[in-house]
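In: kindly generate the corresponding structure for this input.
(2 chains)
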Amino acid sequence: MNHPALIQVAKVLGLLSLAGTIVPPVLFLTKHLALEPMKFIMLIAMIGWFVTAPLWMKGGDQ
Amino acid sequence: MATEPQTTQAGDEFEREPVPEKAQKGASAFWGMYAGEHTAGTEFMIGPLFVAWGASAFDLIVGLLLGNLLAVVTWRFLTAEIATQKRLTLYYQLEKITGRNLVTLYNLFNGLLFCFLAGAMVTVSATAVGVPFGDSIKMPSFSDTMPTGIVWVVTCAVIGVAMTVVALRGYGFVARMGHLAAPWMFLVFVACGLVVMGKLDTMNLFELIKAPEGGSKMGFWGVVAFSWFCNSAMHLGMSDLSVLRFARKPKYGWAAAAGMFLGHYVAWICAALLLVYWVRVHGVDPAQGKPPGPMVWDAVGWAGLVCVVIAGWTTANPTIYRAGLAFQGMFKGMSRATGTIIAGTVCTIASVFPAFAMKLLDFVGLYGTILAPVGAIIVVDHYLAKRVGIATEPAASGKMKFNLAVLLAWVIPVAIALTIANAKNIPAFFLPLPCWLACGVLYILFSKFTTPQKA
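Out: Numbers count the residues shown, from 1 in each chain, chains lettered A, B, ... in the order given. I've put the predicted structure just below:
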């Protein structure tokens, strides 16, 4: 996947996935989100990260 | 805790020559590499072990800060300086001082210790893989040293064999996977800490992490020593010459801070909080502990389990690969595949025994105590040899195959330190620095008598 627009989309989704990994625990800490939905969002975010990150993140393959 | 680096590894290129200018790398390569390497599966083990050893919040917050700072300074002003002046691998530099045969002995210890370390990582992964199987698999506690049952053995064996098969194919894919997973894994560590604080309804670490009434088994200086010397084989022991020889400037040694303050500070404290929760809410005996898999599953669910497995896998795999290379280097004609299979077999057998993971603080201390002193030989050779009147690189001509001065300077302090530590019950992570200093002094003294004064 080399199209610049698609790479940009993947980047945005990747960063949203990282946010989906850390924001739900913060919301749980501040009592704005229950534990089970938090775990579910983190699972979705994990899948999102590992699908999108390889499309734009470089390095680590040397 | 980290394994051998996943990029710019010794053995890949410029094995027996200085790294040329065109192959040198910029700072970002090292910041990313150190950050990824030091967020490994074993961090899930080390944090709770601090709690089991009775470390207080002050010990962790201030002790880890100081210890990690000292580690970074060591990387910057010792390892990176020599690496960028010589630009040689540890192995080749050692060979020029110690002779080929003594490097073989170093490779043996290095390879075996790598196997045991990789075994600990497989053990940590097995505690996560076993979670979906519920009560049919008995998880080991901190006091377990022997296998807990046949299902445990089978679980470890399957993971160990799978990791060995992947390592046989080289480490490119796993290194890439580790690189991709690193930022996500770090956030999962932080998430674990946040969830525990949410569950316990406080963000006050001083209230959460308290030393037991009988006093801490570890204490402030124990935490400082552990965090400084847990990677002593790499900084004091000069193993990271193989990485930092690619750095354009010695100041890139500061990049170790990324690994120390993300992995060995934030991640360790967050992992420690996991056990704090189980001690407070479920009444778990901190000395018995709780394996990482179930704790992470309870805190953050599937993301946590996958994190434990990936963190263990991406660090155990290059460790098996490197151990295989170390074994391969010992025997002429041995293929890399054979070396990797030997390493994978030793690692898999070690993983079945929880001792290596559950006694990780001791094991890591032992690892540094055995390997780090060799770095003092290189430091003496580089900075002091001419001043004190001993030959520099005495085996560089290739005529000397075994430098007796090095062997004695290495073995004597390590043997004495381990004997005293065993008798007085001193944790092994206090030993690397005294052994390193003694090794350097003894090398100068013995060299005066055993090696020619001019190379």
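In: may I have the phi/psi pair for whichever residue of the stretch 301-450 of chain B sits closest to chain A?
Out: Closest to chain A within the stretch 301-450 of chain B is B:Gly301: 3.2 Å, counting by CB to the nearest CB. The C-beta positions use only the backbone N, C-alpha and C, and glycine is treated the same way. Here the main-chain torsion angles of B:Gly301 (degrees, to the nearest 10) amount to phi 70, psi -150.
In: cool, and B:Lys25?
Out: phi -120, psi 160.
In: OK, contacts around B:Phe446?
Out: Applying CB atoms under 8 Å, 6 or more residues apart in numbering or on different chains to B:Phe446 gives the contacts B:404-405, B:408-409.
In: most neighbours among those, which one is it?
Out: B:Ala409 (26 neighbours; other CB atoms under 10 Å in any protein chain shown).
In: re earlier: how much space separates the residue of the stretch 301-450 of chain B closest to chain A from B:Ile412?
Out: With distances defined as CB to CB, to the nearest Å, the gap from B:Gly301 to B:Ile412 amounts to 52 Å.
In: between those two, point out the one with more neighbours.
Out: B:Gly301 (20 against 16).
In: surely that one meets A:Leu43?
Out: Yes - contact criterion CB atoms under 8 Å: B:Gly301 and A:Leu43 qualify, at 6.3 Å.
In: low-confidence stretches in the chain?
Out: Let's take chain A. Filtered on pLDDT under 70, chain A yields the residue ranges A:1, A:60-62.
In: hmm, I had chain B in mind actually
Out: B:1-13, B:171, B:451-455.
In: would you map the strands across it?
Out: Applying DSSP state E to chain B gives no strands.
In: pick out the residue of it closest to chain A.
Out: Counting by CB to the nearest CB, chain B gets nearest chain A through B:His179, at 2.3 Å.
In: ok, residues contacting stretch B:54-72?
Out: B:50, B:205-212, B:214-229, B:231, B:235, B:253-254, B:256-257, B:260-261, B:264-265, B:268-269, B:272, B:286.
In: let's go with 6 Å and repeat that
Out: When contacts are defined by CB atoms under 6 Å, 6 or more residues apart in numbering or on different chains, stretch B:54-72 is touched by residues B:205-206, B:209-212, B:216-218, B:220, B:223-224, B:227-228, B:256-257, B:260, B:264-265, B:269.
In: which among these end up buried?
Out: B:205, B:209-212, B:216-218, B:220, B:223-224, B:227-228, B:256-257, B:260, B:264-265, B:269 (16 or more other CB atoms under 10 Å in any protein chain shown).
In: the most centrally placed residue in chain A sits in which helix or strand?
Out: In chain A, the centroid-proximal residue (CA atoms, centre = their mean) is A:Ser17; its distance is 1.2 Å. Assigned by DSSP states H and E, A:Ser17 belongs to helix A:4-29.
In: helix or strand right after that helix?
Out: Helix A:4-29 is succeeded, C-terminally, by helix A:35-56 (DSSP H and E).
In: list the buried residues for that next one?
Out: So helix A:35-56, judged by 16+ other CB under 10 Å, has buried residues A:35, A:38-39, A:41-43, A:45-46, A:48-50, A:52-54, A:56.
In: what residues does chain B have near chain A?
Out: Selection of chain B residues close to chain A by CB under 6 Å from any CB of the partner chain yields B:7, B:172, B:175-176, B:179-180, B:184, B:187, B:191, B:194-195, B:197-198, B:300-303.
In: buried only: go through the residues you listed for me.
Out: For these, buried by 16+ other CB under 10 Å: B:7, B:175-176, B:179-180, B:184, B:187, B:191, B:194-195, B:197-198, B:300-303.
In: quick check: the farthest pair among those?
Out: The largest separation in those, counting by CB to CB, is between B:Thr7 and B:Gly198 at 36.6 Å.
In: quick check: residues of chain A near chain B?
Out: Residues of chain A lying near chain B (CB under 6 Å from any CB): A:21-22, A:25, A:28-29, A:39, A:42-43, A:46, A:49, A:53, A:57, A:59-62.
In: out of these, which is nearest to chain B?
Out: For the residues of chain A next to chain B, the nearest to chain B is A:Gly60 (2.3 Å; CB to the nearest CB).
In: on that earlier part again, so which of the contacts of stretch B:54-72 sit within helices?
Out: Among the contacts of stretch B:54-72, the ones falling in helices (DSSP state H) are B:205-206, B:220, B:223-224, B:227-228, B:256-257, B:269.
In: returning to what we had before: spatially nearest residue to the residue of the stretch 301-450 of chain B closest to chain A (excluding sequence neighbours)?
Out: A:Lys39 (3.2 Å; CB to CB, 6 or more residues apart in numbering or on different chains).
In: do B:Met234 as well
Out: B:Asp240 (4.5 Å).
In: please report phi then psi for the one you found.
Out: phi -80, psi 0.
In: do B:Ser141 as well
Out: Dihedral angles (degrees, to the nearest 10) for B:Ser141: phi -100, psi 180.
In: I'd assumed B:Gln288 was in contact with it.
Out: Yes - between B:Ser141 and B:Gln288 there is a contact under CB atoms under 6 Å: 4.4 Å.
In: name the residue in the two with the higher neighbour count.
Out: Between B:Ser141 and B:Gln288, counting by other CB under 10 Å, B:Ser141 is the more crowded of the two (17 against 13).
In: how far away is B:Ala120 from B:Met358?
Out: Applying CB to CB to B:Ala120 and B:Met358 gives a distance of 9 Å.
In: sorry, wrong one. I was asking about B:Glu393.
Out: Taken as CB to CB, the span from B:Glu393 to B:Met358 is 42 Å.
In: quick one: which of these two has more around it?
Out: Neighbour count, other CB under 10 Å: between B:Glu393 and B:Met358, B:Met358 has more, with 25 against 16.
In: list phi and psi for the nearest residue to that one once chain neighbours are set aside.
Out: Sequence neighbours aside, B:Phe142 is the residue nearest to B:Met358 in space, at 4.9 Å (criterion: CB to CB, 6+ apart). With angles defined as degrees, to the nearest 10, B:Phe142 sits at phi -60, psi -20.
In: residues in contact with B:Phe142?
Out: B:52, B:288-289, B:358.
In: kindly report the same for B:Gly368.
Out: Counting by CB under 6 Å, 6+ apart, the residues that B:Gly368 touches are B:229, B:232-233, B:432.
In: farthest pair within those residues?
Out: Once CB to CB is applied, these give B:Phe229 and B:Ala233 as the farthest pair, at 9.0 Å.
In: just give me the neighbour total for B:Ser397.
Out: The number of residues near B:Ser397, taken as other CB under 10 Å, comes to 9.
In: repeat that for B:Val388.
Out: 12.
In: that one and B:Leu445: what is the separation?
Out: Counting by CB to CB, the gap from B:Val388 to B:Leu445 is 10 Å.
In: got it, and A:Lys31?
Out: Counting by CB to CB - A:Lys31 and B:Leu445 are separated by 65 Å.
In: the more surrounded of these two?
Out: Ranked by neighbour count (other CB under 10 Å), A:Lys31 and B:Leu445 place B:Leu445 first, with 14 against 9.
In: list the contacts for B:Phe429?
Out: By CB under 6 Å, 6+ apart, the neighbours of B:Phe429 are B:225-226, B:229, B:365.
In: run a quick neighbour tally on B:Arg100.
Out: Neighbours around B:Arg100, by other CB under 10 Å: 14.
In: and the residue lying closest to it once chain neighbours are set aside, how many neighbours does it have?
Out: Distance criterion CB to CB, 6+ apart; nearest residue to B:Arg100, sequence neighbours excluded, is B:Lys401 at 5.4 Å. Counted with other CB under 10 Å, residues neighbouring B:Lys401 total 14.
In: look up phi and psi at B:Arg87.
Out: Dihedral angles (degrees, to the nearest 10) for B:Arg87: phi 60, psi 40.
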